[in-house]
Every structure is written in C-alpha cells, then in structure tokens.
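[1] with the sequence up front, the predicted model follows.
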Amino acid sequence: MVFFVMEEINQENMSERERPSFEQALKELEGIVQRLEQDDVTLEDSIELYQKGVELSKKCSAILEKAELKIKEVQSGS
C-alpha cells in the first residue's frame, strides 16, 4: 500500500510567507478526504489522516476568520 506522507507544520516557528495558503491547506484536506474514502486504508493510517485533517480544518477556519476580520476593518474604514 502506498501511503503519502504529509509534513507537519509548526505554525509558531514559521513566518507568514512560509505558512501554507488557504488554498494549499484546503487542497491537502481534500486529498485526505479522498484517501480516507479508499478501501485500502488501514485503521492506523485512517486515524493519522483524520488527525491531520482536523488540524488542517482548524488552520483553514483560522485563515477564514482572519480574512473576515480584515474585510470588516476595510468596510468600517470606508
């Protein structure tokens, strides 16, 4: 079985430019979902993929919240 490895991202030690974009994180999350839908994924691999998916989901939510705050700032400044 081929298992793709996803690198861990340490947000505190990365600059804003080094962090994955929303689009990158979402694409990785979509890949995890596709992988989990396959029949050949072991329980152990499924758990690891699920954990990574939760982390990516939280990162995407945080990015969206930050974008929403920026939009509100721009709207209130006009």
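    Good, I have the coordinates.

[2] helices of this protein, start to end?
    22-36, 43-77 (DSSP state H).

[3] make CSV from those helices and add mean neighbour count to it.
    (C-beta placed from N, C-alpha, C; glycine too.) Converted to CSV, the helices of the chain look like this (neighbours: other CB atoms under 10 Å):
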stretch, mean neighbour count
helix 22-36, 15
helix 43-77, 12
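
[4] any chance of CSV for those helices, columns mean pLDDT?
    Converted to CSV, the helices of the chain look like this (pLDDT from 0 to 100):
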stretch, mean pLDDT
helix 22-36, 96
helix 43-77, 95
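
[5] ok, the nearest residue to residue 67 once chain neighbours are set aside to residue 76 distance?
    The shortest distance from residue 67 to any non-neighbouring residue, by CB to CB, 6 or more residues apart in numbering, is to residue 22 (7.8 Å). Using CB to CB, to the nearest Å, residue 22 is found at 23 Å from residue 76.
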